[in-house]
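Asks: coordinates only, sequence not included:
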C-alpha cells in the first residue's frame, strides 16, 4: 500500500539521524480500523549530533519533509499534521477505514492489523536494506523503542498477548530472545519493540496479537 510504504521510508530517513521515537495506536470496531502513527525526533540531540559530525541538520527542513509527505488512498481517510515544539519535531498520521479493503491490496500492508485465522498480524518493515546507518546514530537508537498501544475493546476484545514472528519462527514472550515487552493497562496493551530490531532484521517481520 503506497501510503504505508511512504511512511516507512520517511521514518527510516529520520531514524538515521538518531534520537527518534515511534508511537502507534490501534483500535478496531466492526472491521473499521483507527490507527495513529507518530514519530518525533529530539531537537537537542540532533543539534548535538550535528556538532560532532560537522554536518548541519536543518530541523525545520525535517518538519517540512513530514508535512509535505503525500499520503493518498481511495479506501482510507488519512490525516497528517506536523509536530514542532521546543523539544521535538516530527509528524502524526491518523488512518481510518475498512480493514477488508486492506486485505484486497496487492502490496503488503505495513502497520495495519490484518486478521489471520485466530489472530491479528501487524507487518513491521525491515530497514536493513536501506543505506548503512550512521555509526553515530547507533548509540542514540540503542535505547529507542517502537511503542504500540493496542485497544483491547471492540474487535480486539479477545486479544491477550503479543509475540514476534521472524522468518517463520514464532518467538514467545517466555523466550529470552523474544525482544519485546508487553504490559497491560486495563483495556489497553502496550508493546515495546527495540527500534534497532528494525535495522538489524534482514527481512520484514510480524507482530502477532493473539
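Replies: Thanks, I have the structure now. What you see is a predicted model, and the numbers here were worked out from it, not measured in a lab.
Asks: what phi and what psi does the backbone show at residue 154?
Replies: Here is the backbone geometry of residue 154 (degrees, to the nearest 10): phi 60, psi -140.
Asks: Isn't it up against residue 33?
Replies: No - using Cβ atoms under 8 Å as the test, residue 154 is too far from residue 33 to be in contact (9.9 Å). Heads up, the C-betas are built off the backbone N, CA and C, glycines and all.
Asks: Common neighbours of the two, please.
Replies: Listed as contacting both residue 154 and residue 33 by Cβ atoms under 8 Å, 6 or more residues apart in numbering are residue 27.
Asks: And those two? Which one has more around it.
Replies: Counted by other Cβ atoms under 10 Å, residue 154 and residue 33 do not tie: residue 33 has more neighbours, with 21 against 15.
Asks: ok, and for the helix or strand where the more buried one lies, which residues are buried?
Replies: Residue 33 belongs to strand 32-42 when elements are defined using DSSP states H and E. Applying a neighbour-count criterion of 16 or more other Cβ atoms under 10 Å, one finds 33-42 buried in strand 32-42.
Asks: Quickly name whichever of the residues you listed is closest to residue 120.
Replies: residue 33 (10.3 Å; Cβ to Cβ).
Asks: any idea how far that closest one lies from residue 42?
Replies: 30 Å (Cβ to Cβ, to the nearest Å).
Asks: Strands along the protein, start to end?
Replies: Applying DSSP state E to the chain gives strands spanning 20-29, 32-42, 76-84, 88-98, 113-116, 119-124, 145-151, 162-166, 169-171, 181-185, 188-194, 205-209.
Asks: By mean pLDDT, show me the worst of those strands.
Replies: With a mean of 77, strand 169-171 has the lowest mean pLDDT of the strands of the chain.
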